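Chemist: the sequence and its predicted three-dimensional model are supplied below.
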Amino acid sequence: MKSPFTGGTTTQEREIRFLEYRKDKFEVLYHYYVCVDTNEQFTTTELDTLNLNQVYNKYRAKYGIPFTDEIKSIREKYDLSAIKMSEVLGLGANIYRNYEAGEIPSVSTGRLIRLAEDPREFTKLLEMTKNSLEPHEYERVKKKIDHALSGWGAVEDMWAGWLLGNKYPNILNGYRVPSIERIGNMVRFFANRNQPFTTALNKLLFYSDFGHFKKYGQGISGMCYVALPKGPVPENYGGIYNCLVNADFVKVQEEDFGEFVGDKFFTDDVVVFDPEEGPFSEAELETLEYVSDKFKGKTTKKIVDISHQEPAWKDNADSHNRISFEYGFVLKKI
């Protein structure tokens, strides 16, 4: 980055600052550049976005306001359009669509949307607005609710909760709702491009999530990570990978190395993702591609050694606690 004042060199700095949003102050790790020649500070659009995203994330987490992917997921859970979801919740015609696009709801509206995630609460709202829906729309939504309230629906929720941990966004999951589909496609991405063994795959996912947080203030998968002897790994990664193999996201092949057997992840077909089709945004795909290229050709041992240089692992290796995504800001290798 060249200085906008002199065209000379700059340094990138960060420091703790308090930023205000909706009359509330939040502590963030503020990122900025300093002109070496004049000592003047400046930011870029990219850094402004990162700094503000930290504020928005903390505001949502503090007041229980759902994040954009949660807001979209809640609507899709009941198979409603954004306009119809607005009607059921008593909002303006385009309001829900705006929330899915990133606008932050008020505290009261945010909590209403979060309550709507509970099918019992949503049933009450649906009955109050029954006359505003076409009969076939009402019946379709009612079937979705009945499934969510059924024994199998409860089992699905319980299994996902055990496998992925806290389903609400916070600093320990990169302020993302954990999603089996997104995790499965991340693993599929690396299985296609890198054919990693389990230990290496753990590191590719770690660097993708924490690297994306470093740049944008959010992870990708929503998984929590812990520090084990061979580096940072997704919590419950064994159960998660078994689930993904059974769901046909990827295939696993055992390879015998004499003293041990390793599981190698691969795909039979070429994997191509389109940002417009999902499940990844253009920025998320760029992060995945960068991490894939960064570690392609490196042995598992080399990747483990690299991860052992990260403060995220060094500071948490003895405790085995979940790793705060704030360590993303001090990643050394990407």
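Modeler: Cool, the structure landed.

Chemist: quick one: pLDDT of Gly278?
Modeler: If you check Gly278, the pLDDT there is 79.

Chemist: same check, this time on the one 3 residues further on
Modeler: The predicted local distance difference test score for Ser281 is 93.

Chemist: go on, Val271?
Modeler: Reported pLDDT for Val271: 84.

Chemist: tell me, how many residues neighbour it?
Modeler: 14 (other C-beta atoms under 10 Å). For every residue, glycine as well, the C-beta is placed using N, CA and C.

Chemist: that one: what secondary structure?
Modeler: Using DSSP: H, G, I helix; E, B strand; the rest coil, the structure places Val271 in coil.

Chemist: list the residues that contact it.
Modeler: Arg188, Phe189, Ala191, Asn192, Arg193 (C-beta atoms under 8 Å, 6 or more residues apart in numbering).

Chemist: for the residues you listed, give me JSON lines that also has pLDDT.
Modeler: JSON lines is the format used below for these (pLDDT from 0 to 100):
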{"residue": "Arg188", "pLDDT": "97"}
{"residue": "Phe189", "pLDDT": "97"}
{"residue": "Ala191", "pLDDT": "97"}
{"residue": "Asn192", "pLDDT": "96"}
{"residue": "Arg193", "pLDDT": "96"}
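
Chemist: doesn't Gly7 lie inside a helix?
Modeler: No. Under the criterion used here (three-state DSSP), Gly7 is coil, not part of a helix.

Chemist: one step back: how about the contacts of Val271, which pair is most distant?
Modeler: Arg188 and Arg193 (9.7 Å; C-beta to C-beta).

Chemist: which of the two has more residues huddled nearby?
Modeler: With neighbours defined as other C-beta under 10 Å, Arg188 and Arg193 compare such that Arg188 has more, 21 against 18.

Chemist: list the contacts of that one.
Modeler: By C-beta under 8 Å, 6+ apart, the neighbours of Arg188 are Phe249, Val250, Thr267, Val271.

Chemist: any idea which element it lies in?
Modeler: Element membership for Arg188, per DSSP states H and E: helix 180-193.

Chemist: that helix: how far from the chain's middle?
Modeler: 13 Å (C-alpha atoms, centre = their mean, to the nearest Å).

Chemist: ditto for stretch 94-114
Modeler: Counting by C-alpha atoms, centre = their mean, stretch 94-114 comes out at 19 Å from the chain centroid.

Chemist: and the end-to-end length of it?
Modeler: With C-alpha to C-alpha, to the nearest Å as the measure, stretch 94-114 spans 18 Å from end to end.

Chemist: state the number of residues packed around Asn39.
Modeler: Asn39 has 8 nearby residues by other C-beta under 10 Å.

Chemist: show me how the record splits this structure into domains.
Modeler: Split into domains by automatic domain parsing, the chain comes to 10-63, 68-149, 180-330.

Chemist: and among those, the most buried is which?
Modeler: domain 180-330 (a mean of 18; mean count of other C-beta atoms under 10 Å).

Chemist: can you dump the C-alpha atoms of whatever helix or strand Glu76 lives in in PDB for me?
Modeler: Assigned by DSSP H and E, Glu76 falls within helix 68-77. Presented in PDB, the C-alpha positions along helix 68-77 are these (Å, rounded to 0.1, in the frame of the first residue of the first chain):
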ATOM      1  CA  THR A  68     -27.900 -12.200   7.900                       C
ATOM      2  CA  ASP A  69     -27.400 -15.900   7.200                       C
ATOM      3  CA  GLU A  70     -29.700 -16.700  10.300                       C
ATOM      4  CA  ILE A  71     -32.400 -14.400   8.900                       C
ATOM      5  CA  LYS A  72     -32.300 -16.100   5.600                       C
ATOM      6  CA  SER A  73     -32.200 -19.500   7.100                       C
ATOM      7  CA  ILE A  74     -35.200 -18.900   9.400                       C
ATOM      8  CA  ARG A  75     -37.300 -17.800   6.300                       C
ATOM      9  CA  GLU A  76     -36.200 -20.800   4.300                       C
ATOM     10  CA  LYS A  77     -37.000 -23.100   7.200                       C
END
